[in-house]
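# Take this sequence and fold it.
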Amino acid sequence: MGKRTREPQPGVLPNRELFQRLNFLLQSSQFFASLPGASHTHSSVAEGAAVAPPGCADPPLLPLARFYAKEMRQVAQKSVLRLSPHVKRGICQVCSSPLVPGVSAAVRVKGKGRGQRVLTTCTYCGHQARLMVNSNHVLFVDRPEHGTIRHPAD
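Modelled structure (predicted):
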């Protein structure tokens, strides 16, 4: 007799606690990056040791936000969970700082016609991420036939 394989139960999410932890780490990193003291860091300072400029009373919170984002990546990698493309695009690939437009990232649209690209520049390390703008393209995660996410209409 062979082993019985378990059928996935509908409505039950495996590793629920890990996804909740990832969600908490993502939200806290975005929160600390958007606080007023978060944008007062210099890119010339050694990684993780940001110093507030003279005359600024608020301590910089971007290193804390970067720590939470890096921790989120490490938890996902150790537990072999895939992060959503939307989540991965919201974090800098080089310095792991959350990319909040206008606060920790500069977002521009370059090019014309079919060659348009969204250019996201991290203000902490200067890394640029380019994404093609295509109105017809839908990520697989966002498609209705993607079975792991239940839409409210179902």
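
# Show me which helix runs longest in the protein.
Identified as the longest helix of the chain according to DSSP state H is helix 16-34.

# buried residues in that one?
Buried residues in helix 16-34, counted by 16 or more other Cβ atoms under 10 Å: Leu18, Arg21, Leu22, Leu25, Leu26, Ser28, Ser29, Gln30, Phe31, Phe32, Ala33, Ser34. For every residue, glycine as well, the C-beta is placed using N, CA and C.

# List the contacts of the nearest residue to the fifth one once chain neighbours are set aside.
The one in question is Leu26. Spatial nearest neighbour of Leu26, excluding adjacent residues (Cβ to Cβ, 6 or more residues apart in numbering): Met72 at 5.6 Å. Met72 makes contacts with Leu22, Leu25, Leu26, Ser29, Leu83, Ile91, as judged by Cβ atoms under 8 Å, 6 or more residues apart in numbering.

# Helix or strand for Met72, just tell me which one.
Assigned by DSSP states H and E, Met72 belongs to helix 62-78.

# per-residue confidence averaged over that helix?
For helix 62-78, mean pLDDT is 95.

# for stretch 26-40, same thing?
Averaged across stretch 26-40, pLDDT comes to 82.

# Next: stretch 81-98.
Across stretch 81-98, pLDDT averages out at 92.

# With stretch 112-127 instead?
Mean predicted confidence for stretch 112-127 is 90.

# Give me the distance from it to the chain's centre.
16 Å (Cα atoms, centre = their mean, to the nearest Å).
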